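Colleague: Pasting the sequence and the predicted coordinates here, then a few questions.
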Amino acid sequence: MSDSLGDIPDAPPRPTAGAPAQKVIGAVLQRLEDLIFSELNPGSELPSESALAVQLGVSRLTVREATKALQARGLLDVRQGRRPVVAHPSAGPIDDYFTSAVRRDPRRLMDLLEVRQALEVHIASLAALRAGRASITALESALAAMREVAGDIGDTGAIHDADLRFHEGLAAATGNQMLSFLLEGMEGPLHAGRMRSLRGHLARGGTVEDVIEQHARILDRVRDRDPAGAAAAMRDHLEQTARDLRAALTLTEPRIEPDLPR
């Protein structure tokens, strides 16, 4: 990697020495963002800290603060003794947000479930339209894994891993990388939600086999190239999950009102 910034289109003017500190850092951030998105690929190194300071007309401390801010936003990987490297796209910041929200207040799992409904009903519909043979095989494999561990109710980790594979497989089947990225970003709190919803499902007299059959109905509609049917099957599954999750939260969070009998 050259120590030259090169010509960056529409780059802001270099900050002047008399500018307020935050304005200077902001201008450097913008210049580095332009460099990252217009000239560099994930895995590429930035110019050295001293070279950036000279070319931008700022102190090395200012460059260091800017790179720390870009690291916090997931745009750079910074390691001791090495130049900053352009980060590969990561769902980490999304996961951090949802995980923090749920840890602060478990009732937010119900909000997260509404996010899932908004995403996954559409995902199921798109998967029915776009899934290729390899995607169908991956979904069948995930469903088979769920059935294989269903008898061992104590191994909830394996059940949830297979469940997650199924939902991630549906997202991958859409061919839309952004949808896969969003689901990946919710993986941590989704695991917590699935653990609770399964406990609620069992407490309400349901079985693991019931949950597996909900997934099987989704897969059947995807195989049949039935987008409306796949969306309806996913909606039914998530509505059942909402009832189960509410039942589980009622046991531990007294401010959650239980569902009325149907």
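Modeller: Done, it's in. Numbers count the residues shown, from 1 in each chain.

Colleague: Closest to the centroid, which residue in this structure?
Modeller: Central residue of the chain (C-alpha atoms, centre = their mean): Gly185, 1.3 Å from the mean position.

Colleague: if you skip the residues just before and after it, what's nearest to that one?
Modeller: Ile94 (2.8 Å; C-beta to C-beta, 6 or more residues apart in numbering). (Glycine included, C-beta is placed from N, CA and C.)

Colleague: Then Arg82?
Modeller: Glu45 (8.0 Å).

Colleague: The one you found is in contact with Pro84, isn't it?
Modeller: Yes. In this structure Glu45 lies within contact range of Pro84 using C-beta atoms under 8 Å: 7.1 Å.

Colleague: which one of the two has more residues nearby?
Modeller: Each of Glu45 and Pro84 has its neighbours counted (other C-beta atoms under 10 Å); Pro84 has more, 26 against 14.

Colleague: Show me what the lengthiest helix in the chain is packed against.
Modeller: As assigned by DSSP state H, the longest helix anywhere in the chain is helix 227-252. In terms of contacts (3 or more C-beta pairs under 8 Å, 6 or more residues apart in numbering; DSSP states H and E), helix 227-252 is packed against helix 108-130, helix 187-203, helix 208-223.

Colleague: can you list these in a markdown table and add distance to His88, mean neighbour count and mean pLDDT?
Modeller: Listed next are the helices and strands packed on helix 227-252 as a markdown table, based on distance: least, C-beta to C-beta, whole Å; neighbours: other C-beta atoms under 10 Å; pLDDT from 0 to 100:
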| stretch | distance to His88 | mean neighbour count | mean pLDDT |
| --- | --- | --- | --- |
| helix 108-130 | 23 | 19 | 95 |
| helix 187-203 | 17 | 20 | 87 |
| helix 208-223 | 29 | 19 | 96 |
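
Colleague: could you dump the ones you listed to a markdown table with distance to Val63?
Modeller: Shown next, in a markdown table, are the helices and strands packed on helix 227-252 (distance: least, C-beta to C-beta, whole Å):
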| stretch | distance to Val63 |
| --- | --- |
| helix 108-130 | 37 |
| helix 187-203 | 33 |
| helix 208-223 | 50 |
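
Colleague: low-scoring stretches of this structure, by residue?
Modeller: Low-confidence segments of the chain, defined by pLDDT under 70: 1-20, 152-154, 253-262.

Colleague: Would you confirm that Thr252 contacts Arg107?
Modeller: No. Using C-beta under 8 Å, Thr252 makes no contact with Arg107, being 9.9 Å away.

Colleague: more neighbours, the two?
Modeller: Arg107 (14 against 11).

Colleague: All set, thanks.
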